[in-house]
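K.L.:
below are the sequence and a predicted model; questions follow.
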Amino acid sequence: MNPISKLEDQFSFESIDSLDKRKEALQEAIYTMKEFVKIDHSVAVLSDLADNKSYIFTGDFGSFFEMDTSGFLTIDSIWEEDIYQRIHPEDLFERNLLELEFFNFLKTIEPNERLNYATKCKIRTLNSKKEYQRILHRSFYLKNSSEGGLWLAVCLYNYLFEKKETLTGIDGKIINTKTGEIFYVDTYVNCINLLTPREREVLLLIGKGVISKEIADQLNISINTVNRHRQNILEKLNVSNSIEAVRTADALNLL
């Protein structure tokens, strides 16, 4: 799935009963997605944010990705890397920004309302002929955790059944599927407070090529504190290195 900030460990103190209920809910979700792709013909990725696993269901659209369309597979990650590698790098970056905005937007919504929202965008992706073709990407959350946090996330990939058009970017939007209300995503307003003032200071210095020891000296903090800030920044921005962190923060207007 969609790139998402690291969640707090909200499952550590669950009772046996609640763990059994979570397992039952997961099996119900797996069954639902298996049946859904038969109707929607899409490729669906169900990501379990608690166990860091994903279940990939291949409807007829699986042939676009040259996937076996006879069942589903499980991967030990919430990121469907084999699909990501086929997406145009610029569109993948914009899609990640959209998902980050979506995740932080949902944190402002009551848990019982979060499941009414979804994202929609158009991304250039390599087809079986190794040519870029614009396809439809949708995402939403299927279930909250028992504590009200986001738990099961779904990404859908399918053909874009629209006339060809001149398009700049991915045309990302957040949609209330219950009311039809649309939020066009271009300013990332829900990410504005994603980093603390100190984390911004650290990231600005990282962007200038300043090493951790020099950052510690300039900000009068320990190297351990700098490293903790660096790790928090990577987790909040859902990136794997400092270069990606600077690029993502700049795109979100955090710097």
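P.N.:
That came through, no problem.
K.L.:
what about residue 205? Give its phi and psi, please.
P.N.:
phi -70, psi -40 (degrees, to the nearest 10).
K.L.:
show me what contacts it?
P.N.:
Applying CB atoms under 8 Å, 6 or more residues apart in numbering to residue 205 gives the contacts 214-215, 218-219. C-betas here are computed from N, CA, C, even on glycine.
K.L.:
distance of residue 253 from residue 44?
P.N.:
32 Å (CB to CB, to the nearest Å).
K.L.:
the more surrounded of those two?
P.N.:
Taking neighbours as other CB atoms under 10 Å, residue 253 and residue 44 compare with residue 44 leading, 24 against 11.
K.L.:
what bridges to that one?
P.N.:
Taking DSSP bridges, one finds residue 57, residue 156 as the beta-bridge partners of residue 44.
K.L.:
surely residue 98 meets residue 123?
P.N.:
No. At 9.9 Å, residue 98 and residue 123 do not qualify as touching, with contact defined as CB atoms under 8 Å.
K.L.:
so what sits against both of these two?
P.N.:
Residues touching both residue 98 and residue 123 (CB under 8 Å, 6+ apart): residue 170.
K.L.:
this protein: helices as residue ranges?
P.N.:
Assigned by DSSP state H, the chain shows helices spanning 16-40, 81-84, 89-106, 111-114, 197-207, 212-219, 223-237, 242-251.
K.L.:
dump the ones you listed into TSV; add distance to residue 64 as well.
P.N.:
As requested, these are exported to TSV (distance: least, CB to CB, whole Å):
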stretch	distance to residue 64
helix 16-40	13
helix 81-84	10
helix 89-106	15
helix 111-114	30
helix 197-207	37
helix 212-219	44
helix 223-237	30
helix 242-251	27
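K.L.:
for residue 186, find the nearest of those helices.
P.N.:
helix 89-106 (9.6 Å; CB to CB).
K.L.:
what's in contact with that closest one?
P.N.:
With contacts defined as CB under 8 Å, 6+ apart, helix 89-106 is touched by 1-5, 84, 87, 114, 117, 119, 121, 123-125, 137, 139, 141, 150, 169-170, 172, 174, 183, 185, 188-191, 194, 237-238, 247-248, 251-252.
K.L.:
residue 241 against residue 234, yeah?
P.N.:
Yes. Between residue 241 and residue 234 there is a contact under CB under 8 Å: 7.4 Å.
K.L.:
more neighbours: those two, which one.
P.N.:
Neighbour totals were compared for residue 241 and residue 234, and residue 234 leads with 17 against 8 (other CB under 10 Å).
K.L.:
tell me who's in contact with the more buried one.
P.N.:
Shown in contact with residue 234 (CB under 8 Å, 6+ apart): 240-242, 245.
K.L.:
switch the cut-off to 10 Å
P.N.:
6, 240-242, 244-245, 248 (CB atoms under 10 Å, 6 or more residues apart in numbering).
K.L.:
please apply the same query to residue 135.
P.N.:
42-43, 61, 64-65, 86-87, 91, 121-125, 127, 157-160.
K.L.:
how does it look with 8 Å?
P.N.:
Residue 135 makes contacts with 64, 122-123, 125, 157-160, as judged by CB under 8 Å, 6+ apart.
K.L.:
now it: how far from residue 109?
P.N.:
Applying CB to CB to residue 135 and residue 109 gives a distance of 28 Å.
K.L.:
cool, and residue 200?
P.N.:
From residue 200 over to residue 109 (counting by CB to CB), the distance is 26 Å.
K.L.:
who's more crowded, those two?
P.N.:
In this view residue 200 and residue 109 are compared by other CB under 10 Å, and residue 200 has more residues nearby, 16 against 13.
K.L.:
list the contacts of that one.
P.N.:
With CB under 8 Å, 6+ apart, residue 200 has these contacts: 249, 254-255.
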